[in-house]
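Asks: I'll drop the sequence and a predicted model, then ask my questions.
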Amino acid sequence: MATNQNKTVPNSNSVDDFIAALPDERRRGEARELVELMQARTGCVPTMWGESIVGFGSYHYKSGSGREGDFFPIGFSPRKAAISLYVYGYNESRSELLARLGPHRTGRSCIYVTRLNAIDRDALADLIDDGLSQVRSDWP
């Protein structure tokens, strides 16, 4: 019986090269700022996950269905239309933190922001800290 494998896995691609190759100067600057912030908050070195996600740290999970794997608790992807922010455990229960963040949309697994300079960095730092705290309690 085949097990489902994560498609998004860490690799040895260079984060600096990935950022340098972004076609938009604004996105390159935002990506550099996010690397600095997320590295400072997590204490982890940035790693490429898949072709376009920069992740910080990793944790091993096992779901109720028995699926297990490794994933990053904090990360981002500087996409053309919006920056995708990946913060472990964000959901409606974090509505106060999300409201402080500023203009954003949410998806099933991420928070989308159009421009980094439009959001509150302290709120983002608090979301990161909250996500790290939660991942440590969920997957000790």
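Replies: Yes, it's here.

Asks: Residue 32 touches residue 22, doesn't it?
Replies: No - judged on C-beta atoms under 8 Å, residue 32 makes no contact with residue 22 at a distance of 9.9 Å. Bear in mind the C-beta positions are built from the backbone N, C-alpha and C, glycine included.

Asks: who touches the most centrally placed residue in the chain in this structure?
Replies: Nearest residue to the geometric centre of the chain (C-alpha atoms, centre = their mean): residue 75, 2.0 Å. By C-beta atoms under 8 Å, 6 or more residues apart in numbering, residue 75 lies in contact with 38, 49, 53, 54, 55, 56, 85, 86.

Asks: Which secondary structure state does it sit in?
Replies: Assigned with DSSP: H, G, I helix; E, B strand; the rest coil, residue 75 falls in the strand class.

Asks: nearest spatial neighbour of it, skipping sequence neighbours?
Replies: Spatially, and ignoring its direct neighbours in sequence, residue 75 is nearest to residue 55 (3.7 Å; C-beta to C-beta, 6 or more residues apart in numbering).
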